[in-house]
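**Q** Provided below for reference: sequence and predicted model.
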Amino acid sequence: MISITSSELNYLIFRYLNESGFTHAAFALGYEAGINKSTIDGNLVPPGALVTFVQKGIQYLELEANLTSEDLDVDDDFQFLHPLDLITKDVDELQKIIKEKKENIQKDKSKGKEKENIENGREHDRKLAMEKDKELAKEKENEKQQREKDKERERERMEKEKGKEKEKPPEDVSDVNHTGDENNGKIEENGSDGGPEPMDVCTSLPSLPCEFPISDVTVLQGHSSEVFACAWNPAGSLLASGSGDSTARIWTIDGTSNSTMENGPSPVVLKHFKVRTNEKSKDVTTLDWNVDGTLLATGSYDGQARIWSRDGELISTLNKHKGPIFSLKWNKKGDYLLSGSVDKTAIVWDVKIGEWKQQFEFHSAPALDVDWRNNNSFATCSTDSMIYVCKVGESRPIKTFSGHQGEVNAIKWDPTGSLLASCSDDSTAKIWSTKQDTCLLDLKEHSRV
């Protein structure tokens, strides 16, 4: 009998999470299950393998339940079973369900034949009524389109008349002086100072998508795997990118539009590996420039934060986390670096000495994002649905926000540091105030966040 090992099942679940867009959950499972050490060749596993595997198992149970049932036809038996029944009940119970439902259907068939003749007549009448309704709707739509065309023609005619009026030669000075008071009155009434008139807005015309010509798009090519993060340098035309190929790259963007930058200036490559170039534990998952653009911090899947110069020199390696780093932020002063990790903690690093200053262990699940409120306080969020506001030097959170019903994926302070925005897997975004415990606004229009 063919069997599946736990490591193979873990890999299938890992692939399912990645393919479904559950990146954080996939990272956590991959780290705890040691997927990067697996000997399974991912190229041999087709997309959707886990779903296919489960479907095959359900089909097997259906076949087992149907093909062993006595004195029953098996042509239509599959429709009598639900997936939950197949998982929770044994074969004998499934056979009883099929038998009872088929008996009920036979009883209903005799009653159905009597109603069928009546329904046929009603169905014919319904079809005729529907056809009439469609014809009426089509006529109304044609009338509506014709009205829209008439409005458009009228608008174009008025615009042409306006254009002709503007092309007329100026009137005599005496006429202008004679009507000056009247014109001044109109300007005051409209609240205008003689500037350009507001343009007409036609609400009946649909907005059209804007497409950029390929000549205006610059493609930065060089990474050999997916790119997880990018950040503009605040002081110059530099762009940093982090990738699953275990590198970060600093690109010089001169503002010219090239289709690609393969033949342009080479980027500065920040290698996070020593020997192999495909070390999955070195994936660069997050990066951030300091406020003056002189230092770039990167966080990677190996749990280490690294600080680089804009020329690509590795200045320091910060090693304290025991899991992948998902978020990394500088404070505005530039003396502290904040990181959040799968190990459920956030760490404030003293950049000048290259050591950790304080580790905050409040979450019960991986920390997904961090954001500074000011130079000494910040917020963290996690898959445990909680948000904590912390301060350097304090051993407990100075504020706790709870209200999300799913993983909190990202957080961001407003410029004043009094309002915090958060978004979650519960399909909501919320606004929190430091002056109260419950959310100030609950935004529920998304179907998924």
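**A** Alright, I've got the coordinates.
**Q** excluding chain neighbours, what is closest to residue 24?
**A** Among residues not flanking residue 24 along the chain, residue 368 sits closest, at 5.8 Å (Cβ to Cβ, 6 or more residues apart in numbering). (Glycine included, C-beta is placed from N, CA and C.)
**Q** how about low-confidence regions in the protein?
**A** 1-3, 61-91, 94, 110-117, 119, 121, 162-209, 255-265, 275-281, 448-449 (pLDDT under 70).
**Q** sketch out the helices for it, chain order is fine.
**A** 6-19, 23-33, 49-67, 83-88, 91-167, 173-178, 180-190 (DSSP state H).
**Q** list the contacts of the second one.
**A** What it means is helix 23-33. Helix 23-33 has contacts (Cβ atoms under 8 Å, 6 or more residues apart in numbering) with 7, 10, 13-14, 17-18, 35-36, 285, 301, 323-324, 326, 342, 366, 368, 383, 407, 409.
**Q** now with 6 Å, please.
**A** 10, 14, 17-18, 323-324, 342, 366, 368 (Cβ atoms under 6 Å, 6 or more residues apart in numbering).
**Q** tell me how far the closest residue to residue 386 other than its chain neighbours lies from residue 244.
**A** Nearest residue to residue 386, sequence neighbours excluded (Cβ to Cβ, 6+ apart): residue 402, at 5.7 Å. Note on residue 402: its distance to residue 244, by Cβ to Cβ, to the nearest Å, is 34 Å.
**Q** neighbour count winner among the two?
**A** Neighbour totals were compared for residue 402 and residue 244, and residue 244 leads with 18 against 13 (other Cβ atoms under 10 Å).
**Q** who are the contact partners of that one?
**A** Residue 244 neighbours (Cβ under 6 Å, 6+ apart): 225-226, 283.
**Q** among those residues, name the buried ones.
**A** residue 283 (16 or more other Cβ atoms under 10 Å).
**Q** in CSV, list the contacts of residue 244 along with distance to residue 137.
**A** Formatted as CSV, the contacts of residue 244 follow (distance: Cβ to Cβ, whole Å):
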residue, distance to residue 137
225, 53
226, 48
283, 56
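**Q** just give me the closest of the contacts of residue 244 to residue 360.
**A** Distance to residue 360 across the contacts of residue 244 (Cβ to Cβ) is lowest for residue 283, with 24.1 Å.
**Q** enumerate every residue touching that closest one.
**A** 244, 300-301.
**Q** is it correct that the residue nearest to residue 24 is in contact with residue 326?
**A** Yes: contact criterion Cβ atoms under 6 Å: residue 368 and residue 326 qualify, at 5.4 Å.
**Q** residue 151 and residue 284: what is the separation?
**A** Residue 151 is 55 Å from residue 284, where distance means Cβ to Cβ.
**Q** swap that for residue 97, sorry
**A** Using Cβ to Cβ, one obtains 54 Å as the distance from residue 97 to residue 284.
**Q** looking at these two, which one has more neighbours?
**A** Between residue 97 and residue 284, counting by other Cβ under 10 Å, residue 284 is the more crowded of the two (28 against 17).
**Q** separation between the more buried one and residue 419?
**A** 31 Å.
**Q** could you pull out the strands for the stretch 251-400 of the chain?
**A** 268-271, 284-289, 295-300, 304-309, 314-319, 325-330, 336-341, 346-350, 355-360, 367-372, 377-382, 386-391, 399-402 (DSSP state E, counting those that start in this stretch).
**Q** out of those, which is closest to residue 55?
**A** strand 367-372 (31.7 Å).
**Q** dump that closest one to PDB, keeping only the CA atoms.
**A** Extracted in PDB, the C-alpha atoms of strand 367-372 (Å, rounded to 0.1, in the frame of the first residue of the first chain):
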ATOM      1  CA  ALA A 367       5.500  39.300  14.700                       C
ATOM      2  CA  LEU A 368       4.600  40.500  11.200                       C
ATOM      3  CA  ASP A 369       5.200  44.200  11.200                       C
ATOM      4  CA  VAL A 370       6.600  47.000  13.300                       C
ATOM      5  CA  ASP A 371       6.500  50.800  13.100                       C
ATOM      6  CA  TRP A 372       8.100  53.700  15.100                       C
END
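**Q** quick one: contacts of it?
**A** Contacts of strand 367-372 (Cβ under 6 Å, 6+ apart): 24, 326-327, 329, 331, 338, 340-341, 346, 378-382, 409-413.
**Q** quick check: PyMOL command selecting the buried ones in those residues.
**A** Selection command for PyMOL covering only the buried members of the contacts of strand 367-372, criterion 16+ other Cβ under 10 Å:
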select buried, resi 24+326+327+329+331+338+340+341+346+378+379+380+381+382+409+411+413
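**Q** still on that earlier bit, distance to residue 102 added to the contacts of residue 283, as CSV?
**A** What follows is these, written out as CSV (distance: Cβ to Cβ, whole Å):
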residue, distance to residue 102
244, 54
300, 60
301, 55
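**Q** so which of those comes closest to residue 358?
**A** Among these, and counting by Cβ to Cβ, the member closest to residue 358 is residue 300, at 21.6 Å.
**Q** list the contacts for that closest one?
**A** Here residue 300 is in contact with 272, 282-284 (Cβ under 6 Å, 6+ apart).
**Q** same thing but 7 Å
**A** Shown in contact with residue 300 (Cβ atoms under 7 Å, 6 or more residues apart in numbering): 272, 282-285, 325.
**Q** out of the residues you listed, who's nearest residue 220?
**A** Among the contacts of residue 300, and counting by Cβ to Cβ, the member closest to residue 220 is residue 284, at 14.9 Å.
**Q** OK, contacts around the closest one?
**A** Contacts of residue 284 (Cβ under 7 Å, 6+ apart): 228, 242-243, 247-248, 272, 298, 300.
**Q** what's the farthest-apart pair in these?
**A** 228 and 272, at 12.3 Å, using Cβ to Cβ across the contacts of residue 284.
**Q** more crowded one of the two?
**A** More neighbours surround residue 272 than the other of residue 228 and residue 272, with 24 against 21 (other Cβ under 10 Å).
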